[in-house]
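Q: Kindly generate the corresponding structure for this input.
(2 chains)
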Number of protein chains: 2
Amino acid sequence: MKRLSLSLALLLIGVCAYAQQALWGGSQIVSPEIHPDKTVTFRVQAPKAVKVQVTGDFLPRAEVKTERGTMKVSGTADMTEGKDGVWEFTTPEPLASELYSYSFIIDGFRTNDPSNVFLNRDVRSITNIFIVGGDPGDYYKVNKVSHGTVARRWYDSPGLGMERRLTIYTPPGYETSGKRYPVLYLLHGAGGDEEAWIALGRTAQIMDNLIAQGKAEPMIVVMTNGNAGQEAAPGETSVEGQPSMRQPGNVPGKFEAAFPDVIKFIDQNYRTLKRKSGRAIAGLSMGGGHTINISMDYPDTFDYVGVFSSALFRQGDERTASIGKLKTQFAKNPKVYWIAIGNEDFLLDACNQFRQILDENNLKYTYFENGEGHIWKNWRIYLTKFAQMIFK
Amino acid sequence: MKRLSLSLALLLIGVCAYAQQALWGGSQIVSPEIHPDKTVTFRVQAPKAVKVQVTGDFLPRAEVKTERGTMKVSGTADMTEGKDGVWEFTTPEPLASELYSYSFIIDGFRTNDPSNVFLNRDVRSITNIFIVGGDPGDYYKVNKVSHGTVARRWYDSPGLGMERRLTIYTPPGYETSGKRYPVLYLLHGAGGDEEAWIALGRTAQIMDNLIAQGKAEPMIVVMTNGNAGQEAAPGETSVEGQPSMRQPGNVPGKFEAAFPDVIKFIDQNYRTLKRKSGRAIAGLSMGGGHTINISMDYPDTFDYVGVFSSALFRQGDERTASIGKLKTQFAKNPKVYWIAIGNEDFLLDACNQFRQILDENNLKYTYFENGEGHIWKNWRIYLTKFAQMIFK
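A: Residues are numbered from 1 along each chain as shown, chains lettered A, B, ... in the order given. Presented below is the predicted three-dimensional model:
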């Protein structure tokens, strides 16, 4: 009789699959296929296409001339048509371990891979992703380790006059341990929101893996929305509209001024270590500017500061005032003040100007420079490194 | 001086936007555009394309002949090419309020709308979505109301021998009220996982809106992963791979047998009403089968039962045994036993057979039948109705 009920269940599933296929045209093609030797094959069925290409950050970058000068962009590779109009490209070399993004270009039309459901949104572009294991890729994967909890929650911000959404990672065991935990406040860049670090930044995976390996202390990570005029990420807010680099209400200083609302909410609602040595703050690009400002505006609040691909975005009198605040902040000996940037970052000069201010005033920080530019590949690396430096 | 710092910030944002554009080719085209009269315009730039169509559930359905007979599928409309190779289609009539899905078909290649970042994954197909306001669409929107918290959390399931991921909605005020809340266990169908109800089902938006309007009691909603062999949704698990209708380890009865692990975890970790009148269970398709089985296997556990687009998937001796269990369950007078299905659902006959069993044995339930078939449009409607019937 077991066989009968099984067969009915399978029939049901079969019919569902069939209906789903017919309605939504799911694909049976395997793409991307990561081979044991870490070469990768991409496939897409486009029988009527004349030219099909794959583009992504796994390819050598190309230089394009623009009115603002030459810039490097993701490379493009032609795909070859095989039977049934399935176009294919295999990387000539094994790929280094990394989380990669890619798209297809079919007769000039950029599209996602219909065979790969794994996607990331970066501002208003959606690309497919895949991970090649090893270091650092294994930090970005979900591994068989204990997992923290990721919550999307709303807090009241009197300073900004609205309820606002944030993303909170609590480490494995938080709910039952009864212990208090340190908090890392992690800030996104322009065009981002409270989803950026958890999705593009792989924060939950990085923290789960570092904690499981004993490389990072169990900590709470709070990912806010740094756009002062915004309740929440597009699609998660009562204000309809697409994501954009320019957010209404992003007046410089406004988000920083209201940041105590966030700390107050977290300290009231979570078992935190409510002291300077229990708090870290880090951010990328615009969020790095927020990090510099918030950590110097509240010099007794954070013992650990991480500035990723950023600079001091203040001029004239504000810049002069900032130097005074930085002196006060550093006089209180923060345990870590870490500045990281890629040697191709368009903010490298601005970052060097900020470091020059710190050097001229003999304010001690640590500097890390690696390759490439203003990209998530670097910000994931910076988070992985910074998380191992704090709360020790 | 303010002007200077502002101009630098804008320069920064401009450059970021520019870099982002160049790297990821974000689109400036507006699509879809929902007009005040609720007609909708779709646009896509494809200068080299010969034929461009839009397909989605907002169009009249078409009939296609298959080896399994005629079936209705989403309709398709031809788009018209305008300047700069931008193809456009505007619905001839205003659209009824609903959450709609659509894709473009460019020279036979099905693709998402590069101008619309809002997507849903259904099994392994990803489509764009948009919401036309009104009833029921306004229930699916994020409105300016108090919002609950949505957490992704892992629980230990000794019954299935693994840590497993679930999605939990806690109502507005849960964290601070100190009160105990009733719990709705909400189960997905074949091909789904713990992301299905929160994403395709719009559970958080539906609950936020119903609670804000006083139409539903504040409640906790627990969305489990009903695939007994699976830790978590694809991309969220240590087992790599794409979603599929057939999940390894989906032996009938296995998920049901381990369900007490879920209830135990929720009752231990949340402020719940630990009694029959404080628990509801509902599910769609495969999850409706799970709901029938779990509610009769544990007849003292749930006072509210919702069976969406489903049936009793048991034959022979198992079916006979089930009838005995159903009699026991109904003898204990569950407050609500609600069966809902669309009049085009491929499970309508199976559902009627189940109702016949209940009728023959004089087991009292409520039946709701509406139009169309085995689709999320119906499951969102069923959740919206069921949530208003329970815990009153």
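
Q: tell me the centre residue of chain A?
A: What sits nearest the mean C-alpha location of chain A, by C-alpha atoms, centre = their mean, is A:Gly201, with 2.4 Å.

Q: surely that residue meets A:Asn378?
A: No. The pair A:Gly201 / A:Asn378 is not scored as a contact, 10.9 Å apart, by C-beta atoms under 8 Å. (C-beta placed from N, C-alpha, C; glycine too.)

Q: Quick one: name the residues of the stretch 151-300 of chain A near chain B.
A: Within the stretch 151-300 of chain A, the residues that sit near chain B (C-beta under 8 Å from any C-beta of the partner chain) are A:151-154, A:163, A:165, A:175-176, A:189-191, A:232, A:234-238, A:242-243, A:245-246, A:250, A:252, A:269, A:285-286.

Q: Which ones among those lie within helices?
A: Of these, the ones assigned to helices by DSSP state H are A:175-176, A:269, A:286.

Q: Just give me the closest of those residues to A:Gly306.
A: A:Met286 (14.4 Å; C-beta to C-beta).

Q: Give the closest residue to the closest one in space, chain neighbours not counted.
A: Distance criterion C-beta to C-beta, 6 or more residues apart in numbering or on different chains; nearest residue to A:Met286, sequence neighbours excluded, is A:Ala190 at 4.3 Å.

Q: Show me what secondary structure element comes after the lowest-mean-pLDDT helix or strand in chain A.
A: Least confident helix or strand, chain A: helix A:2-24 with a mean of 41, by mean pLDDT, DSSP states H and E. Remark: after helix A:2-24, the chain's next helix or strand is strand A:33-34, criterion DSSP states H and E.

Q: So what touches that next one?
A: Strand A:33-34 is contacted from outside by A:40-41, A:43, A:130, A:132, using C-beta atoms under 8 Å, 6 or more residues apart in numbering or on different chains.

Q: partners of that strand, with directions?
A: Paired neighbours of strand A:33-34 in the sheet (DSSP bridges): strand A:40-45 (antiparallel).

Q: which helices and strands does the following helix or strand past the partner strand pack with?
A: Heading C-terminal from strand A:40-45, the first helix or strand you meet, by DSSP H and E, is strand A:52-56. On a contact count with 3 or more C-beta pairs under 8 Å, 6 or more residues apart in numbering or on different chains; DSSP states H and E, strand A:52-56 meets strand A:75-78, strand A:98-106.

Q: quick one on the thing from earlier: and the residue nearest to A:Met286, how far is that from A:Gly56?
A: 23 Å (C-beta to C-beta, to the nearest Å).

Q: So which of the two has more stuff around it?
A: A:Ala190 (25 against 21; other C-beta atoms under 10 Å in any protein chain shown).

Q: Might one say that the more buried one is in contact with A:Ser244?
A: No. Using C-beta under 8 Å as the test, A:Ala190 is too far from A:Ser244 to be in contact (9.5 Å).

Q: hmm, which two among the contacts of strand A:33-34 are most spread apart?
A: The distance between the two most remote of these (C-beta to C-beta) is 17.2 Å, for A:Arg43 and A:Val132.

Q: which regions of chain A sit below the pLDDT cut-off?
A: A:1-27 (pLDDT under 70).

Q: Got a PyMOL select line for the buried ones in the contacts of strand A:33-34?
A: In PyMOL, this line selects whichever of these come out buried by 16 or more other C-beta atoms under 10 Å in any protein chain shown:
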select buried, chain A and resi 40+43+130+132
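
Q: The closest residue to chain B within the stretch 51-200 of chain A: neighbour count?
A: Ranked by C-beta to the nearest C-beta, the top residue of the stretch 51-200 of chain A for proximity to chain B is A:Ser125, at 3.5 Å. Burial of A:Ser125 is recorded as 21 neighbouring residues (other C-beta under 10 Å).

Q: what pairs with it across the strands?
A: A:Asp122.

Q: Tell me which residues touch A:His147, please.
A: Contacts here follow C-beta under 8 Å, 6+ apart; on that basis A:His147 touches A:172, A:204, A:208, B:154, B:163, B:165.

Q: and which of those is nearest to A:Ile105?
A: A:Ala204 (31.7 Å).

Q: Moving C-terminal from the helix or strand hosting the closest one, which element do we reach first?
A: Element membership for A:Ala204, per DSSP H and E: helix A:203-212. Using DSSP H and E, the next helix or strand after helix A:203-212 towards the C-terminus is strand A:220-223.

Q: coming back round to it: out of the ones in helices among the residues of the stretch 151-300 of chain A next to chain B, flag the one nearest to A:Pro60.
A: For these, the nearest to A:Pro60 is A:Met286 (29.2 Å; C-beta to C-beta).

Q: I'd say that closest one and A:Gly226 touch.
A: Yes. Using C-beta under 8 Å, A:Met286 is in contact with A:Gly226, at 6.5 Å.

Q: got any residues that touch both of those two?
A: A:187-188, A:192.

Q: possible to save the residues you listed as TSV with neighbour count?
A: Shown next, in TSV, are the shared contacts of A:Met286 and A:Gly226 (neighbours: other C-beta atoms under 10 Å in any protein chain shown):
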residue	neighbour count
A:Leu187	29
A:His188	27
A:Gly192	30
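
Q: Now go through those residues and say which are in strands.
A: Judged by DSSP state E, these include A:Leu187 as members of strands.

Q: from the shared contacts of A:Met286 and A:Gly226, which single one is nearest B:Phe265?
A: Nearest member of these to B:Phe265, counting by C-beta to C-beta, is A:His188, at 32.3 Å.

Q: Need phi/psi at the nearest residue to the closest one once chain neighbours are set aside.
A: The spatially closest residue to A:His188, leaving aside those adjacent along the chain, is A:Ala196, at 3.9 Å (C-beta to C-beta, 6+ apart). Main-chain dihedrals, A:Ala196, degrees, to the nearest 10: phi -60, psi -50.

Q: Please work out how many residues are found near the closest residue to A:Glu175 other than its chain neighbours.
A: The shortest distance from A:Glu175 to any non-neighbouring residue, by C-beta to C-beta, 6+ apart, is to B:Asn269 (5.9 Å). Neighbour count of B:Asn269, defined by other C-beta under 10 Å: 13.

Q: wait, B:Asn269 sits on B:Ala151?
A: No. Applying C-beta under 8 Å, one finds B:Asn269 not in contact with B:Ala151, separated by 10.4 Å.

Q: Which residue ranges of the stretch 151-300 of chain A form strands?
A: In the stretch 151-300 of chain A, the segments counted as strands under DSSP state E, counting those that start in this stretch are A:162-170, A:183-187, A:220-223, A:279-284.
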